Structures are given as C-alpha cells and as structure tokens.
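Q: Below is the sequence, then the predicted model.
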Amino acid sequence: MTSVWASWITLLSPLAAALAITLAGTSLSRRVAGIVATTGTSVAFVAAVVAFVDLLGEDGEQRSHLDTAWTWLAAGNFRIGVEILVDPLSVFMMLVVSGVGSLIVAYSLGYMDGDDEERRFFAYMALFVFSMLLLVQGGNLLMMLLGWGLVGLSSYLLIGFHHERPSAIAAAKKAFIMNAFGDATFALALFLLIAHNRSLSFDALGEIDGASSTVRNLVALGLLGGAVAKSAQLPLHTWLPDAMEGPTPVSALIHAATMVTAGVYLIVRAHEVFEAAWVVQNLAAIIGAVTLLVAGLIALVQTDIKRVIAYSTMSQIGYMFLGAGLGAYANAMFHLMTHAFFKALLFLAAGVVIHALAGEQDMRRMGGLKRLMPFTYWCFLIGALALVGIPPLAGFFSKDSILAAALDRGALGAILFSIGIVGTFLTGLYTFRMLYLVFHGPRSVFVSEHHHRYHGREGPATMLVPVAVLAALSVVGGWLQFAGVWTPVTDFLDPVAEQIAEANTWKEILASVLAVALGICGMLVAWAMYSARSWRVPSWRPVRRVLEEKLYWDRLYDWIFYIPASWSGRAIMRWFERPVIAGSAIGIGVGARESGELASEVQTGYLRAYALAIAAGLAVLVLVFISVK
C-alpha cells in the first residue's frame, strides 16, 4: 500500500543521509554534508505527507497497517519482527518529527556555517531524526525500545558535540545516565509483558486486563518511568536544562520534535496499560501538574535565554502529561504538535540572537535588540504569545483544551486544573520577562560592542526562512482544531486512542477565560517589572536562592548517589585496589624477576655441568619409577 512504502521512505531517508555523510567523510564538503542531511529529512517529511493523505482515503477502522520486513527473533510462539506500524498516531508523529525536524536541520546550515565539525554535526542530526522516527514507527514494543535507546545515544552525541568543553561532556553524561534509568524501567516492563502476554505487539496490550493488579501496576510504572525520564518530568528532569550545552539547533530538535515528546507518545500508545492501572495513570497526570508548576517557578530566575526556554518545555510537557494522564489523549497530542511549532520558533529565534551576539546567552548582557533585529523580535513575540496561550495563536487552542478536560475528571481533575491555571500565570510572567530583558529597554554596552549583522541582515536566509515558517505555523496551526466547534485531530486519533475525558462547551469556555486572563496577568506583571519598571522586582532572597538552586534537586542527587559512590570508590581504591590488586601485580613482577635471577645463576656455560644435571634428573626419575613399582 502507498502509506506503507511511504512510511518506510520516511524512516530510512534520514538514516541514508547519516550513512552517506559518515561514509563519504572528508570527500564531502561541509556545506554539502548539511545539504545531504536537510534533503534526507525533507524527503522524510514529503513521504510522511503521502502516507497521511493515503491514510485519510481509508475508513477510520481500517487505518492500521503492520508491515514486517523480516522476522528478527523467534522462540516458540514468541516472535519479533523488524516492522513498522502505520496508523493515525504514528503518521501524526511522523509529520511532526520530520516536518519540524527538517526545518531545524535546514536552519543549521546557517547556524553551524564555518564550524570545523559540520559533517559530524549533520550526521548526528540525521541520526537523531531517524532514531525518533524509529521510535514512533516501530511496529512492536521492542522496535520502539530500540528507537528509544538510539534517541538517548543521539542526544548524548549532540549535547556533548563541543567535546572540548568539560561542561558539555558532563551534561551529555548526565542526560545519558538519567535516561538510561528510564530505559531500564521500560525494559523491565517489557519482560513482565512477555511473561504475561507472550507478546510485545501493540495489539496485545489490551490483554493486560487479565493480569493481576500487581502486574498491571508494575508494567504501567515501568513504562511511566521511561516516559518520565525521556520527557524530563519530575523527578528525572535535571538533565534537560544542562542539555543546553549543545548547539541551539540541537536544543530545538530535542525540545520540539524529538526526545522530550517521546514520553507523551508512549503514554498515548500504551493507553490500554495505563487505563488498566488507573492509579499509575493518575500518577502520570499528577507528575505532569507538579512539573509544570515547578518548572515555571524555576524559569522565573534563570538568566540564560536557552535555559528559560528549556524550563518552559518541561512545563509544557507537564501539560501534555496532565492531559494524557487524565485520558484526554487527542488533546495532549494536539498540544504536542502546536508546542513543536512555537517551541522550535522560540529556540531558533533565540539562536538568531545568540548568533548575532557572538554566542552570548546571558540575558543580563542583552537589551534593546528590538530595533536592531525587528524580524527576530516579531517572530519571537509570536512564539511567546503562542506559548502563553493568547488567542488566536496555536497554544490557545491546544493548552486550554487540556485544562478543560481536567474539569471533566472529578475532584482530582479540579485540583490539577487549578495547578494548570496557576501555570498559565507563571508562563506569561517568565516568557515576557525574557522578551523584555532581551529586546526591550536601553541597548546594553555588550550589545553595542558585539552585535554584528550578516551581510546587512539579521542572519543568513537558511536561518531566517525556517523561523518565518515556524512563525506562520504558530499563528495558523492551532486552527486545525477548535474544541467544541470542529475536532479533526480527535476524530483522526480516536481509532487508536479514544478519549475518556472530554469537556462540554461551558467547561471549555471557563477554562479558556481563566487561562487567558491569568496568562495576560502574568504578561502585565512582567511588563510592570521589566519594561515600565514601575514595580520593583521582589528580592525574597531565601525564595530566590531556592529557585536558583532549582529546588536543590541536583544537590539531592549528589548526596544520594554521587557522594556515596565517590567515597566508596576512593575507599575501595585505598584499601583494596592498591594493596591487593596493584600490590599483587607488583609482587608477581618482583617474584618473576627474582626467579629469573636465580635461574640465570644456574646457567654456567659448562657442558659437563649440564650433563651432570641431566644425569641427576634421570636418576631421580628412575628412583621414582622403582619406588612406585
């Protein structure tokens, strides 16, 4: 079928680009390597569109095709194939990953121009897109786990791309280790599924209903652990801000189109498991709500422009977890799509600023850039308004529908709705604090001395065109679905993940009015503090100290894991490794040397001495044999 072969092209074209760049080596110019990567991801997007159009031509219940290239593992009735699943959910993710991913890779042509390691960078970027596509297209849970692991590897390679910087290497290791913990819980959940279902196919997930409550909860907890780590939700969230050590296009790709969205996709894909373990499903919603609140608070005191946007990602993914945990699957996926538009826009627009300021990311050294960079300012403003959820931009349509769905889930939903509404205020405050610090106010001395134009423009066309496209998508993308009026996204995804939380019109109106009002309040407070300067920024030193220390999560992990491991390692080295392992090696060497010296004394050089030794040896042998007889 057309959708099947188009999906294979979507999956394999970024891999082909990565392999071509790697195998060609220096025979490809750095510019051509970037073009190859951009072409590979763009072909993937075109093929994804073909698959989507073909799928639309089929009846709703027939929009699912499992295609197996070959059987990979077989043991009795247990079989695992190298296969892809083409259904509304996978095609939806294919469009987001390849579409936004191709824009980010194209943007990298200008951003990375002149870097000595451009070929390596673009090979990694193409591999990253392939890994995420494998994750969302994998036809069974093992194939999904394979993509899951490759996404972690790709992020490690790209976060630590500037390997000459110790901070980048530390951030890459931190991301890899924390995600490895989630990978382990994911894998353990698969072992339990194999023991119970004798299958890792998605169709068999519904059979989990027949398992005991313990098995259901353990499987759901294992999957949730993987989702929490990959999507940087509490308590496995501390790697994401540090991941800003990678180049800005990497940050955009991680936050908008690939890695952090994987956890939301997993919950929606395995919704039967979570519905069978409703306690764990509620836990997912609670984790999302707490994360969106905590991330919003920490973002208020950040000074690095990329870290502010990173914490906003944690917060927005929290909204998605909230929606998916409450059973509003289509709402969560719709927000995933619109978030990809405006979050990529914010990162890439910030990248234009960083590029123009010779790599500077500290907002305290910026200011007054509105007149110098008007195009970037207006695009950044569109992204900021969409993030806050101001109508008629994309975030308004998607985030408010999640909040409305929370009102449909009883007392727990009402509590989580209240947290989400507070989150909208924080979003308006930290987002427009960032906007005013960077673009408004007097021009800083640093900007006057370091700002430069790219041939009279704000940046090369390869950077500005993707920013413009994402700005347009942030304006019109939300109109794809208007809760209570038209719901094509929900209708498209329902055959895969049917909604169990849907708000009525009055709840939609209430949620929108409150969310927009509090978002605007946050914007006004930011204006009064950071633009008009009519309000003094509260000092609140103890509170500020706690937020600057990110609620001491990193220190907590240091005390629980790093410090005991470091102390144990030093103790073992001092009391065991040096005296026993190293000491025995030294003793063996000394013994061998002394034995050699003793043996050398026997070597006299006289033939009669050697003959006497041989005769003595023979005599000893004769005596031994005689005594034995």
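A: Nice, thanks for sending it over. Worth saying up front: this structure is predicted, and the values here are computed from it rather than measured.
Q: Find me the pLDDT at residue 424, would you?
A: You'll see residue 424 listed with a pLDDT of 97.
Q: Tell me how far whichever strand or helix holds it lies from the chain's centre.
A: Assigned by DSSP states H and E, residue 424 belongs to helix 410-439. The gap between where helix 410-439 is centred and where its chain is centred comes out at 22 Å by CA atoms, centre = their mean, to the nearest Å.
Q: packing partners for that helix?
A: The helices and strands touching helix 410-439, judged by 3 or more CB pairs under 8 Å, 6 or more residues apart in numbering; DSSP states H and E, are helix 278-299, helix 305-325, helix 369-372, helix 374-388, helix 394-406, helix 505-530. No exception for glycine: its C-beta is placed from N, CA and C like everyone else's.
Q: Which of those sits closest to residue 589?
A: helix 305-325 (52.4 Å; CB to CB).
Q: Quick check: next helix or strand after that closest one?
A: Under the assignment DSSP H and E, the closest C-terminal helix or strand after helix 305-325 is helix 329-356.
Q: ok, the residue most central in space within the chain - contacts?
A: Most central in the chain under CA atoms, centre = their mean is residue 259, positioned 2.6 Å from the mean C-alpha point. The neighbours of residue 259, taking CB atoms under 8 Å, 6 or more residues apart in numbering as the test, are 132, 151-152, 155, 230, 253.
Q: Among those residues, which one sits closest to residue 116?
A: Nearest to residue 116 among those: residue 253, at 20.8 Å, using CB to CB.
Q: Check the secondary structure at that closest one for me.
A: Here residue 253 is recorded as helix under DSSP: H, G, I helix; E, B strand; the rest coil.
Q: show me the contacts for it.
A: 101, 104-105, 125, 128-129, 158, 259.
Q: which of these sit farthest apart?
A: With distances taken as CB to CB, the most widely separated pair in the contacts of residue 253 is 105 and 259, at 15.2 Å.
Q: And the strands in this structure, which stretches?
A: Assigned by DSSP state E, the chain shows strands spanning 65-75, 78-86.
Q: Using JSON lines, please lay out those together with mean neighbour count and distance to residue 194.
A: As requested, the strands of the chain are exported to JSON lines (neighbours: other CB atoms under 10 Å; distance: least, CB to CB, whole Å):
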{"stretch": "strand 65-75", "mean neighbour count": "13", "distance to residue 194": "10"}
{"stretch": "strand 78-86", "mean neighbour count": "20", "distance to residue 194": "7"}
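Q: Now render the ones you listed as JSON lines, adding mean pLDDT and distance to residue 419.
A: As requested, the strands of the chain are exported to JSON lines (pLDDT from 0 to 100; distance: least, CB to CB, whole Å):
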{"stretch": "strand 65-75", "mean pLDDT": "87", "distance to residue 419": "39"}
{"stretch": "strand 78-86", "mean pLDDT": "91", "distance to residue 419": "34"}
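Q: Indicate which one of the ones you listed is closest to residue 620.
A: Distance to residue 620, taken as CB to CB, is lowest for strand 65-75 among the strands of the chain, at 60.0 Å.
Q: could you check the angle strand 78-86 makes with the closest one?
A: For strand 65-75 and strand 78-86, the angle between their directions (axes from the mean of the first three to the mean of the last three CA atoms, to 10 degrees) works out to 160 degrees.
Q: Which elements pack onto strand 65-75?
A: Strand 65-75 makes packing contacts with helix 2-24, strand 78-86 when contacts are defined by 3+ CB pairs under 8 Å, 6+ apart.
Q: for these, which one sits closest to residue 52?
A: With CB to CB as the measure, helix 2-24 is the member of the helices and strands packed on strand 65-75 nearest residue 52 (8.0 Å).
Q: what pLDDT, on average, does that closest one get?
A: Per-residue pLDDT values over helix 2-24 give a mean of 95.
Q: ok, now stretch 91-99?
A: For stretch 91-99, mean pLDDT rounds to 97.
Q: Just the residues contacting that stretch, thanks.
A: Contacting residues not belonging to stretch 91-99 are listed as 3, 7, 10, 14, 41, 44-45, 47-49, 51-52, 55, 129, 132-133, 136-137, 257-258, 261, 265, 333, 336-337, 340, 489, 492-493 [CB under 8 Å, 6+ apart].
Q: Also stretch 342-350?
A: Under the contact criterion CB under 8 Å, 6+ apart, stretch 342-350 has outside partners 100, 103-104, 107, 248-249, 251-252, 255-257, 305-306, 309, 312-313, 316, 376, 379-380, 382-384, 386-387, 393-395, 463, 466-467, 470-471, 473-474.
Q: Separate out the buried members of the contacts of residue 253.
A: Burial of those was assessed by neighbour count (16 or more other CB atoms under 10 Å); the buried members are 101, 104-105, 125, 128-129, 158, 259.
Q: Nearest to residue 175 among the residues you listed?
A: residue 259 (8.9 Å).
Q: low-scoring stretches of the chain, by residue?
A: Judged by pLDDT under 70, the chain has its weakly predicted residues at 454-456, 582-583, 585, 597, 599-605, 608, 628-629.
Q: Could you chop it up by domain?
A: Domains of the chain are assigned by automatic domain parsing as 324-548, 554-628.
Q: Turn these into TSV, including distance to residue 93.
A: Shown next, in TSV, are the domains of the chain (distance: least, CB to CB, whole Å):
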stretch	distance to residue 93
domain 324-548	8
domain 554-628	31
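Q: Which strand residues bridge the spatially closest residue to residue 199 that is not a sequence neighbour?
A: Once its chain neighbours are removed from consideration, residue 199 has its nearest residue in residue 78; the separation is 7.0 Å (CB to CB, 6 or more residues apart in numbering). For residue 78, the beta-bridge partners are residue 75 (DSSP bridges).
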